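Asker: Just the structure for this:
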Amino acid sequence: MTSALNRRHFLEAAGATVVGLPLAATLWAQDAPSAQSAALPPEWLNPPTEFSQAPFWFWNDDLSEAELLRQIDDFREHGVHAFLIHPRAGLPKAIGWMSERMIELMRYAIERAAERDMWVILYDEGMYPSGSSSGQVVAENPAFRTRGLVCVDLDEAAPGSEVQGVRIDAEGKPDLAVGQTLVALVRRKSDGHRLAIIDRPAREGRSVIRGLHFVDDDPPRRTDRREVPENQPPGADILNPESVACFIRLVYQRYYDQFGPHFGKTVKAIFTDEPSLLARGAERGMIPGTTGILEHINRFLGYDFTEYLPALWYEDEPEAEMRRRDYNRAIQARLEETFYRQISDWCGAHGVALTGHPMGPDDIGHLRHFHIPGQDIVWRYIEPGKASAIEGAQSTQGKCASSAMIHLKRRRNLNECCGAYGHNFTFEEMQWLAHWLLVRGCNLFVPHAFYYSIRGPRIDERPPDVGPNSPWWPQYKPFAQATSRLCWLNTDSTHVCELAILGRNDRLPWQAAKVCFQHQCDFNYLEARHLWEDARVDAEGIRIAGMHYRALIVEDDVPEKAQEAIDTLTKAVRVIRWNETMKPETLLGAVDKLIRPDVQVSPAAPDLRVRHVRKLGTDYHLLFNEGEGHLRVQLRLAAHGRWTLLDPTTGDQRLVTSNEPLSLARHEMGVLAIQQA
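Answerer: Coordinates of the predicted model:
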């Protein structure tokens, strides 16, 4: 077994140096050995269309069948065989959300896709966030409007005033209006003030979603940072199961009634987009909640939260941070029950996959209800050359979705990426983002977005267009083919990995993960819930969904229900406790005592990312230079056999020897196949 000292000695071995070569002159620059190329599955060169990119297709202007068809054929000619229909700001009012005209146009696009062996994902909302059917849920029942908790300090509120939308009577007591409910009367521990906690609906014009239609019929192009005004439908109470049932009937059931014969065939999935407890434009001082929420919080946490309610508003309350974490975990669990599970069950019963992504980048708990778990990289949360690639909550999202896929026994996981990266976004950045995701296990690439129209202000609505209206569209097909090959490789394959990092339903730690990334020590995130629900835990480690984790890194506190499993693993010396003072070599040394290193690299290459999968009897190592310099490294692998380098862009291959240094240009991706001789 390799010790930490031996690993470090190998990583720091002299001899190999970084060289500066252009992209085409690295992995493919050297002459191929005289031996004949290895036989690879035909899907490598020509992956099935199910592994195509599925871009957001912004329907954002007056639509015509002829133009829809022209664009569909244009997608296909550029290697894109799927699309996600996304009604978007800029639609004329004549094409309203779920109107007969919109349904007619959707049917036309679906049928043309079916004729061309293409496939479609439907979107469940008129813009976003999901859950209100563009205001139709609240229009059907005003009681379904978004609700939340507000706090009124009764010792400070003046009689006859209004505080947080709550009237105070002449005696200084809450005078509740229709729809308002007193949750609790409590005292602050810090100063003894009396507080009234009220559950009430959001005010008119607050907690809304983005609308499909500009306020002006043809507004000018935006010339500053302000948004072009659009309608703002009210958000719905997605913590209320009756409100969500209404949403399902208005959207999901309507889709099935109209397009049911295509479900599970051309229509592969329905996309739900970051459901938000308070939608957009939430009121200051309002905390997510709904009628009866305190009973759920108490049941989930196993203790009475009433006396800790002030901590949700006042940071100087005792244990405020911990109590806020507890409340958030409980509220997210409630969201699973009312929203995600209900929609997932409906989709499962109607032969279509639920996909999309939750609000938080590390909300792994919600992903158990997705048939295709997903996340999204937008707003330059992740960028090449920035620490954000391996630091912070956003850096966890690639592994979040792929780990959920593995542990929940799903085939696919997706990422909606590139959204709102701005007009200065480049094709090189787009390729880097794709590689960032693919080497972390993503196998469904959903670019944001292909624009139907860039007329007027549409060009500035969450730019850029990364498809037909981009300067790189003429060279898009090889890129689309490359992502298809790598998505095929990441599907129905076994991830070779024996290390897990423990997470909670609403948080995935990143500090130990950063060390692992920088030392080619691959891992998956394991939601703690698996430890007491569906994993087998014994002295040999954790077994779940065909994976066997021989080591578990624990960075945060452990849920009480998981403690028995953690005790078993700790007794077997399979738990590695991470803290901020731990040195990287200490962590790696602890891992090496439990797991034989799968990949060793010389010299040390902190920017090299490696993913090892086994498919159809062949070991594949995805190699990605995530950094800004060129790499030239020697690899030592646990897998044995004949080495073949694969070019994802062309499908080309060449044999190499195991002692041959490999070069990767800045941001370059390659695949090393190891076949038994």
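Asker: Go through stretch 180-199 and flag the buried ones.
Answerer: Gln180, Val183, Ala184, Val186, Arg188, Lys189, Arg194, Leu195, Ala196, Ile197, Ile198, Asp199 (16 or more other C-beta atoms under 10 Å). C-beta here means a position set from N, CA and C on the backbone, and glycine is covered the same way.
Asker: residues in contact with it?
Answerer: Contacting residues not belonging to stretch 180-199 are listed as 147-156, 164, 166, 173-174, 176, 200, 289-291, 293-294, 306-307, 309-310, 314, 316-318 [C-beta atoms under 8 Å, 6 or more residues apart in numbering].
Asker: got the end-to-end distance for it?
Answerer: From its first residue to its last, stretch 180-199 covers 6 Å (C-alpha to C-alpha, to the nearest Å).
Asker: Which residue comes closest to the residue nearest to the spatial centre of the chain once chain neighbours are left out?
Answerer: Nearest residue to the geometric centre of the chain (C-alpha atoms, centre = their mean): Gln375, 1.1 Å. In space, and not counting its chain neighbours, Gln375 is closest to Gln397: 3.9 Å by C-beta to C-beta, 6 or more residues apart in numbering.
Asker: element containing that neighbour?
Answerer: Assessed by DSSP states H and E, Gln397 sits inside helix 397-407.
Asker: which outside residues touch that helix?
Answerer: Residues outside helix 397-407 that contact it (C-beta under 8 Å, 6+ apart) are 357, 361-364, 367-368, 370, 373-377, 410-415, 436-437, 440-443, 490, 495, 508, 513, 523-527, 530, 544-545, 547.
Asker: re the thing from before, tell me if the residue nearest to the centre of the chain really is in a strand.
Answerer: Yes: counting by DSSP: H, G, I helix; E, B strand; the rest coil, Gln375 is part of a strand.
Asker: you'd agree it is up against Gly360?
Answerer: No: using C-beta atoms under 8 Å, Gln375 is not in contact with Gly360; the gap is 9.2 Å.
Asker: Mind checking which of the contacts of helix 397-407 are in strands?
Answerer: Mapping the contacts of helix 397-407 onto strands (DSSP state E) picks out 357, 374-377, 414-415, 495, 524-527, 544, 547.
Asker: Quick check: Ile595 vs Trp472, distance?
Answerer: Ile595 is 41 Å from Trp472, where distance means C-beta to C-beta, to the nearest Å.
Asker: got it, and Ser64?
Answerer: Per C-beta to C-beta, Ser64 is found 26 Å from Trp472.
Asker: Give me the more crowded residue out of those two.
Answerer: The neighbour comparison of Ser64 against Trp472 (other C-beta atoms under 10 Å) goes to Trp472, with 14 against 11.
Asker: Now do the contacts for the residue lying closest to that one once chain neighbours are set aside.
Answerer: Spatial nearest neighbour of Trp472, chain neighbours left out: Phe427 (3.9 Å); criterion: C-beta to C-beta, 6+ apart. Neighbour list for Phe427: Ser470, Pro471, Trp472, Gln475, Phe479 [criterion: C-beta under 8 Å, 6+ apart].
Asker: Likewise for Gly441?
Answerer: The contact partners of Gly441, taken as C-beta under 8 Å, 6+ apart, are Gly398, Lys399, Ala401, Ser402, Ser403, Met405, Ile406, Asn413, Asn490, His495, Arg611.
Asker: From the structure, what's the count of residues near the spatially closest residue to Arg76 that is not a sequence neighbour?
Answerer: Distance criterion C-beta to C-beta, 6+ apart; nearest residue to Arg76, sequence neighbours excluded, is Arg116 at 6.0 Å. Arg116: 16 surrounding residues under other C-beta under 10 Å.
Asker: Then the one 10 residues further on?
Answerer: One way to gauge burial is a neighbour count; for Gly126, by other C-beta under 10 Å, it gives 28.
Asker: where are the low-confidence patches of the stretch 1-150 of the chain?
Answerer: 1-38 (pLDDT under 70).
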